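Visitor: how does the following fold in three dimensions:
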Amino acid sequence: MSSSELPDNDPNTAVMAELRARADTLERQLAELQRHTEGRLVRAELKAEAVRAGMVDLDGLRLIDLPTLKLNERGEVDGAAALMQDLRKSKPWLFGASPHSSSSPVSPPPALPAKQKLATDMTDAEYRLARAALLKQRP
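Guide: Numbering: from 1, shown residues only. Next up, the predicted model:
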């Protein structure tokens, strides 16, 4: 006897209908969760690519139509680098000077000569070693 042949007053019919309804609800929730997760991954990948491209203000990513972007099998956004190049050409004010530098544009501080340790700051053993080294340097 198949499920379509069960009488309407059969308790199994009600249980089956309830289980189908729950399965449909869970499938819808899963699909929504997958769309949400994929959207977050796309945004994260775009942020990483924008930083690599030298974007100074990540709010510029709001100009991109996210639903048109898809992830490939490696979890990367297809054409993200090309998208950033196009955005750089059309909206150059969103980007800094160097597109290939991920480091800070600030120059490092000048190198200072090494400070010699004062004799008053040395331990007895350090003083004896430093004195012996100085005496060896004399001609």
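
Visitor: contacts and neighbour counts: CA atoms only from here.
Guide: Will do.

Visitor: how near is residue 23 to residue 29?
Guide: Distance, residue 23 to residue 29, using C-alpha to C-alpha, to the nearest Å: 10 Å.

Visitor: could you do residue 19 as well?
Guide: Per C-alpha to C-alpha, residue 19 is found 15 Å from residue 29.

Visitor: work out for me the element the residue lying closest to residue 75 once chain neighbours are set aside sits within.
Guide: Excluding its sequence neighbours, the residue lying closest to residue 75 (C-alpha to C-alpha, 6 or more residues apart in numbering) is residue 41, at 7.8 Å. Element membership of residue 41, judged by DSSP states H and E, is helix 11-53.

Visitor: tell me what that helix is packed against?
Guide: helix 80-90 (3 or more C-alpha pairs under 8 Å, 6 or more residues apart in numbering; DSSP states H and E).

Visitor: okay, the helix or strand that the helix it packs on is followed by in CSV with CA atoms only?
Guide: Sequence order places helix 124-137 as the next helix or strand after helix 80-90, per DSSP H and E. Extracted in CSV, the C-alpha atoms of helix 124-137 (Å, rounded to 0.1, in the frame of the first residue of the first chain):
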residue,chain,number,x,y,z
ASP,A,124,81.6,43.9,36.9
ALA,A,125,81.9,41.1,34.4
GLU,A,126,80.8,43.2,31.5
TYR,A,127,83.2,46.0,32.6
ARG,A,128,86.1,43.6,32.7
LEU,A,129,85.3,42.2,29.2
ALA,A,130,84.8,45.7,27.7
ARG,A,131,88.1,47.0,29.3
ALA,A,132,90.0,43.9,28.0
ALA,A,133,88.6,44.5,24.5
LEU,A,134,89.6,48.2,24.5
LEU,A,135,93.1,47.3,25.7
LYS,A,136,93.5,44.7,22.9
GLN,A,137,92.7,47.5,20.3
